[in-house]
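> I'll drop the sequence and a predicted model, then ask my questions.
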Amino acid sequence: MVAKIVDGKKMAAEIAEDLAVKIAKLSQKPHLAVVLVGDCEASLIYVRNKKKAAESIGMKCSVHHLAERTSEKELLDLLEKLNNDKDVNGIIVQMPLPEHIDSDKVLEAIALAKDVDGFCPYNMGLLHANSKNATVPATPKAVLYMLEHTLGNISGKHAVIIGRSNIVGRPLASLLLNSDCTVTIGHKQSVDLQKLTAQADILVSACGVPQMVDEKWVKDGATVIDVGITRVDGKICGDVDFAKVAEKAEFITPVPGGVGPMTVAMLLENTWLAYKKQNKLG
Ligand code: NAD
């Protein structure tokens, strides 16, 4: 194997430790409210992990677990209550929501100052406009952190992203553009995507197709970040064929232990930043 591993688990532990030290000094702890509708198995696991991670650094985390049949109005009422609750600093609504609920309407209902996922349209606009006031969604923020802590300055690099979702591909494209990369976004309808990815200095895959990216997709010496998480035969699997790509790339993230733990760390950091802003701490 040629590539060096970008250890997301280790980076995330360092960020958590740093936040824990800051939070230990506070009498009133930052409070993250998590709203979950229904009993989707993956969502239950994600929410449990977020709560555990928040509490492990001394944050308060309340989970509002609503029944699948909850109406849109009931959910919006709960969000209004959380928006007005001075004890709550950050609010996230676990996606996906049941089909009878309009998720756009729900995201728009979260107060900007408490939108720690950064998914509400106003926040997205701030990010696309390169505003320093944007709350950057956790997964793209995790990817940028890992790139900058591995490569240093990424200005001028050609970054190719596979995937254009609102939670990963699109905000990541803005973030990398804001960091002076040249950005190409590929997606399911892209023609000859492999030709584009083979030119990338930085290749980020976020398509959810297990092991799709092998050595033929990668330039010699590239940095490869695997965002994909798919369960195959009970095992967590990334978009990248790790063994093959590690022979060609200079840096590579593992799955698990790469972007996943860093995403949770960035959500905690966003909650801490929201707390600081709301309490006018420097
Ligand atoms: P999504 O389904 O919303 O979007 C997938 C994107 O990939 C789409 O834009 C689609 O066009 C593209 N795509 C699909 N198949 C493709 C193909 N064969 N070739 C090229 N492009 C293709 O998914 P998402 O929510 O953005 O998540 C993507 C992956 O990242 C999933 O595996 C998800 O579990 C994972 N994820 C991981 C984290 C983390 O913390 N590591 C966070 C969010 C998402």
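Ah, there it is.

> Distance-wise, check the residue nearest the centre of the chain relative to residue 64.
Closest residue to the average C-alpha location of the chain: residue 139 at 1.7 Å, with C-alpha atoms, centre = their mean. Look at residue 139 and residue 64: by C-beta to C-beta, to the nearest Å, they are 23 Å apart. C-beta here means a position set from N, CA and C on the backbone, and glycine is covered the same way.

> re earlier: is it fair to say the residue nearest to the centre of the chain lies in a helix?
Yes: under DSSP: H, G, I helix; E, B strand; the rest coil, residue 139 falls within a helix.

> Tell me where the model's unsure across the stretch 51-200 of the chain.
Low-confidence segments of the stretch 51-200 of the chain, defined by pLDDT under 70, are absent.

> Tell me the residues of it that contact the ligand?
When proximity is defined as C-beta under 6 Å from any ligand atom, the stretch 51-200 of the chain approaches the ligand at 139, 162, 163, 164, 165, 167, 168, 169, 186, 187, 188, 193.

> Where neighbours are concerned, which of these has the most?
Most neighbours among those, by other C-beta atoms under 10 Å: residue 162, with 30 neighbours.

> so it makes contact with residue 193?
Yes: judged on C-beta atoms under 8 Å, residue 162 makes contact with residue 193 at a distance of 6.9 Å.

> Now do the shared contacts for these two.
Residues within reach of residue 162 and of residue 193 at once, by C-beta atoms under 8 Å, 6 or more residues apart in numbering, are residue 186.

> which residues does residue 20 contact?
So residue 20 contacts 56, 57, 58 (C-beta under 8 Å, 6+ apart).

> So how do I select the buried members of these in PyMOL?
Buried subset of the contacts of residue 20, written as a PyMOL selection, criterion 16 or more other C-beta atoms under 10 Å:
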select buried, resi 57+58
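
> just curious, which of the contacts of residue 20 is nearest to residue 209?
Closest approach to residue 209 among the contacts of residue 20 (C-beta to C-beta): residue 56, at 32.5 Å.

> Who are the contact partners of that closest one?
Neighbouring residues of residue 56 by C-beta under 8 Å, 6+ apart: 16, 20.

> What of residue 221?
Contacts of residue 221 (C-beta under 8 Å, 6+ apart): 248, 249, 250.

> Among those residues, which one is most surrounded by other residues?
Of the contacts of residue 221, with other C-beta under 10 Å as the count, residue 249 tops at 25 neighbours.

> wait, that residue sits on residue 5?
No: taking C-beta under 8 Å as the definition, residue 249 is not a contact partner of residue 5, at 10.3 Å.

> And the strands in the stretch 51-200 of the chain?
Here the stretch 51-200 of the chain has its strands, by DSSP state E, counting those that start in this stretch, at 60-66, 90-93, 158-162, 182-186.

> Closest one of the contacts of residue 221 to the ligand?
Among the contacts of residue 221, residue 249 lies closest to the ligand (C-beta to the nearest ligand atom), at 18.0 Å.

> To what extent is residue 24 buried, counted in neighbours?
For residue 24, the count of nearby residues is 10 (other C-beta under 10 Å).
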